[in-house]
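*Asks:* Quick one: sequence and predicted model below, then my questions.
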Amino acid sequence: MIALRAAVCIVAMSIVAGCSSAAVPEAVPPPDRDRYVSELPRSVSTARLRQHLAALQKIADAHGGTRVAGGPGYAASVRYVRDALAAAGYQPQVSSFPFTSYRERREVARQLTPVERSIRVEAIDYSPSTPAGGLRGHVASADNGCEPGDFAGVRGKIAIASRGVCFIFQKAQNAAAAGATALLVFNPEPGPIDATLGDPNASSIPVAAVEPPIARSLLGATDATVSIEITTEKRRTTSQNVTAGTQAQGRVLLVGAHLDSVLAGPGINDNGSGVAALLEIARVTRARAPRLAVRFAFWSAEEFGLIGSRAYASSVDATRLAGYLNFDMLGTRGGSVGVYKGPFAQRLLRYFKQRGLRAEIVDLTGRSDHFSFEQIGVPTGGLFAGVDNCYHARCDRLGTVDLTLLKRLTSAAAFGVASIAPIRGG
């Protein structure tokens, strides 16, 4: 090419006086936002989405049915994502951060008075163990547990509070300050309460979830007494986030999904679906919109309290982020279309409305990785398809994922990336 340009210049010198030996740079085409917005959603492949889900399922099956952070299934998931990004033309980075893994070893509870029966409890992630041999005591209501005054009269007792309004670790700290020996938390509405305290040192007393009918029965009984034995294990280790994207010097759109599952299952909807969506959007962006300034992030330890995204957010320059989009659980069987509340919500709602699809605003507060960036002042948004009976369970497998819904939400996510990400050279 250089030789050809020189030859053209020599010939031109006989016609036009003067010819620079320097190559004339090609004109930079104007930004083509409309083309990106049109092409990226249509380029998403259902077959490729399924391929990623099948690979994550295979990884979980080979590692005890889980891809939990800190375990070998998660390490294999990191390698898969890294290799998939490299195959798409990126230079992925794997970054480690300190992490305390956690697991429950024993969870036993009984109501002793006024009737005797077994009751089911589940330790909240990062709950301390009970003393050796367990503990027993009368129960006392603490309303929602978000105000210190909710715990009047709980000293020496086991407090019971409803979930919601504030974080569970705040309820636990209020309970401990009031002298409660333990805290039981229940959902005011039907549904699982699988949750986390978010920090290994967030509570000094045992904290467990109990089903709503049990909680109401205990609170409605006269002089109810229960015994609880919980044994938990914490271990200091490290885990890894994976990131990849353009090498833009200016602002970028950060797009993320958590890569880990819970210990109880393979996490193919939660959140293999978000991971598959991100990998597919990364592929089509590289192929069809390489000038978009976007960075893709796969977070670890979300299930333990957004730990991977919090580690990243603590070190990033927030002024360089044009926004953050989060994709968590996009293929829920029997699910619906949920759009995170925030500055990008109306843009995504219009996308669905234009296609005759119903969508609604959801408020997930601190329950997924967008919260890590919301806390440092970054505009956030995302998509969510709700929960089903396989949420945080062994049956969260490939066969229970709604691929049609996943494809629909992945296309919407690609639209979000195409319409929000800065364009280099634009």
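*Replies:* Arrived safely, thanks for sending. Residues are numbered from 1 along each chain as shown.
*Asks:* Which helix or strand lies directly C-terminal to the lowest-mean-pLDDT helix or strand in the chain?
*Replies:* One helix or strand of the chain scores below all others by mean pLDDT, DSSP states H and E: helix 2-13, with a mean of 31. Downstream of helix 2-13, the next assigned helix or strand under DSSP states H and E is helix 33-43.
*Asks:* Moving C-terminal from that next one, which element do we reach first?
*Replies:* helix 46-61.
*Asks:* what sits up against that next one?
*Replies:* Under the contact criterion CB atoms under 8 Å, 6 or more residues apart in numbering, helix 46-61 has outside partners 66-67, 73, 76-77, 80, 84, 261, 265-268, 272-273, 275-277, 279-280, 283, 331, 397-398, 401, 403-404, 406-407, 410. For glycine as for every other residue, the C-beta is placed from the backbone atoms N, C-alpha and C.
*Asks:* Same check on stretch 173-182?
*Replies:* 130, 135, 137, 140, 142, 145-148, 150-152, 154-159, 161, 183, 202-208, 228.
*Asks:* switch the cut-off to 7 Å
*Replies:* Stretch 173-182 is contacted by residues 135, 137, 142, 145, 148, 150-151, 154-159, 183, 203-206, 228 when judged by CB atoms under 7 Å, 6 or more residues apart in numbering.
*Asks:* same deal with stretch 203-215?
*Replies:* 119-124, 127-130, 160, 168-169, 172-173, 175-176, 180-187, 190, 193, 195, 197, 228, 230.
*Asks:* Then stretch 310-317?
*Replies:* Contacts of stretch 310-317 (CB under 7 Å, 6+ apart): 97, 241, 297, 372, 373, 376.
*Asks:* which SS class is the third one?
*Replies:* Read it as residue 297. strand (DSSP: H, G, I helix; E, B strand; the rest coil).
*Asks:* Quickly list what it is bridged to.
*Replies:* Counting by DSSP bridges, residue 297 forms beta bridges with residue 243, residue 256.
*Asks:* For it, the count of nearby residues, please.
*Replies:* 23 (other CB atoms under 10 Å).
*Asks:* Just the ones of the contacts of helix 46-61 in helices?
*Replies:* Judged by DSSP state H, the contacts of helix 46-61 include 73, 76-77, 80, 84, 272-273, 275-277, 279-280, 283, 403-404, 406-407, 410 as members of helices.
*Asks:* so who does the nearest residue to residue 320 once chain neighbours are set aside touch?
*Replies:* When the adjacent residues along the chain are set aside, residue 320 lies closest to residue 251, with 5.4 Å between them (CB to CB, 6 or more residues apart in numbering). Residues in contact with residue 251, defined by CB under 7 Å, 6+ apart, are 293, 320, 321, 322, 422.
*Asks:* and those residues as a markdown table, adding pLDDT and secondary structure?
*Replies:* A markdown table is the format used below for the contacts of residue 251 (pLDDT from 0 to 100; DSSP: H, G, I helix; E, B strand; the rest coil):
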| residue | pLDDT | secondary structure |
| --- | --- | --- |
| 293 | 96 | coil |
| 320 | 96 | helix |
| 321 | 97 | strand |
| 322 | 97 | strand |
| 422 | 95 | coil |
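*Asks:* Of those residues, just the buried ones, ChimeraX syntax please.
*Replies:* Here is the ChimeraX command that picks out the buried ones among the contacts of residue 251, judged by 16 or more other CB atoms under 10 Å:
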select :293,321,322,422
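*Asks:* picking up where we left off before, PyMOL command for the buried members of the contacts of stretch 203-215?
*Replies:* Restricted to buried positions by 16+ other CB under 10 Å, the PyMOL selection for the contacts of stretch 203-215 reads:
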select buried, resi 119+121+122+123+124+127+128+129+130+160+168+169+172+173+175+176+180+181+182+183+184+185+186+187+193+195+197+228+230
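*Asks:* So which of the contacts of stretch 203-215 sit within strands?
*Replies:* 119, 121, 122, 123, 160, 182, 183, 184, 185, 186, 228, 230 (DSSP state E).
*Asks:* Give me the pLDDT for the third one.
*Replies:* Residue 122 carries a pLDDT value of 93.
*Asks:* how about the nearest residue to it, chain neighbours excluded?
*Replies:* residue 209 (4.7 Å).
*Asks:* Give me the phi and psi angles of that neighbour.
*Replies:* Backbone torsions for residue 209, taken as degrees, to the nearest 10, come to phi -100, psi 150.
*Asks:* Could you report the separation of it from residue 234?
*Replies:* Computed as CB to CB, to the nearest Å, the residue 209 to residue 234 distance reads 18 Å.
*Asks:* more crowded one of these two?
*Replies:* With other CB under 10 Å as the criterion, residue 209 and residue 234 differ in neighbour count, and residue 209 comes out ahead with 23 against 15.
*Asks:* Distance of that one relative to residue 335?
*Replies:* 23 Å.
*Asks:* Could you tell me how far the helix or strand containing residue 310 lies from the centre of the chain?
*Replies:* Per DSSP H and E: residue 310 is located in helix 307-313. Distance, stretch centre to chain centre, for helix 307-313: 11 Å (CA atoms, centre = their mean, to the nearest Å).
*Asks:* returning to what we had before: what subset of the contacts of helix 46-61 is buried?
*Replies:* Buried members of the contacts of helix 46-61, counted by 16+ other CB under 10 Å: 66-67, 73, 76-77, 80, 84, 261, 265-268, 272-273, 275-277, 279-280, 283, 331, 397-398, 401, 403, 406-407, 410.
*Asks:* so where's the stretch 151-300 of the chain shaky on pLDDT?
*Replies:* By pLDDT under 70, the low-scoring segments of the stretch 151-300 of the chain are 191-192, 248.
*Asks:* Would you mind confirming that residue 308 makes contact with residue 299?
*Replies:* Yes: counting by CB atoms under 7 Å, residue 308 does reach residue 299; the two are 3.9 Å apart.
*Asks:* Overlap of the contact sets of those two?
*Replies:* residue 241.
*Asks:* domain parsing for this protein?
*Replies:* 33-101+237-420, 115-223 (automatic domain parsing).
*Asks:* Give me the distance between the two termini of the last one.
*Replies:* This stretch, domain 115-223, spans 10 Å end to end (CA to CA, to the nearest Å).
*Asks:* now the longest one
*Replies:* When the termini of domain 33-101+237-420 are compared using CA to CA, they are 9 Å apart.
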